[in-house]
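Participant: Sequence first, then the predicted structure:
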Amino acid sequence: MSEQQTEHTVSGRKNKLLEFFKVGEVLGYFFRKKDPSRPANFNLRMMHGINKISIIIFLLGILFIIVKRFLH
């Protein structure tokens, strides 16, 4: 394998790893501005509230598993 092919393979792995750990969309869900053209009824607000709670609990669970794995 040439040096250029090796460099491309390594950078390709890094790009895939960075894409895997992107959290921009998740953070965007939490910190987005209110859209005045979107309806804001009670059911929709509750749905988004439950979704946010679910995402937080999931991330805390993943963090717990990672910490538990590396401390034991």
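Facilitator: Looks like it arrived, so ask away.
Participant: For the helix ranked longest in the chain, enumerate the helices and strands it packs against.
Facilitator: Longest helix in the chain by number of residues (criterion: DSSP state H): helix 42-71. When contacts are defined as 3 or more Cβ pairs under 8 Å, 6 or more residues apart in numbering; DSSP states H and E, helix 42-71 sits against helix 24-30. For the C-beta atoms, the positions are set from N, CA and C on the backbone; glycine is no exception.
Participant: name the helices or strands packed onto the helix it packs on?
Facilitator: Here helix 24-30 touches helix 42-71, going by 3+ Cβ pairs under 8 Å, 6+ apart.
Participant: let's see it at 6 Å
Facilitator: Taking 3 or more Cβ pairs under 6 Å, 6 or more residues apart in numbering; DSSP states H and E as contact, there are no helices or strands that helix 24-30 lies on.
Participant: hang on, the earlier thing: can you give me how far the longest helix of the chain is from the chain middle?
Facilitator: Relative to its chain's centre, helix 42-71 lies at 11 Å (Cα atoms, centre = their mean, to the nearest Å).
Participant: Report the separation between Y29 and N51.
Facilitator: Distance of Y29 to N51, given as Cβ to Cβ, to the nearest Å: 8 Å.
Participant: cool, and R45?
Facilitator: R45 is 11 Å from N51, where distance means Cβ to Cβ.
Participant: Contact partners for R45?
Facilitator: Not one residue lies near R45 by Cβ atoms under 6 Å, 6 or more residues apart in numbering.
Participant: What pLDDT is listed against it?
Facilitator: Reported pLDDT at R45 in the predicted model: 85.
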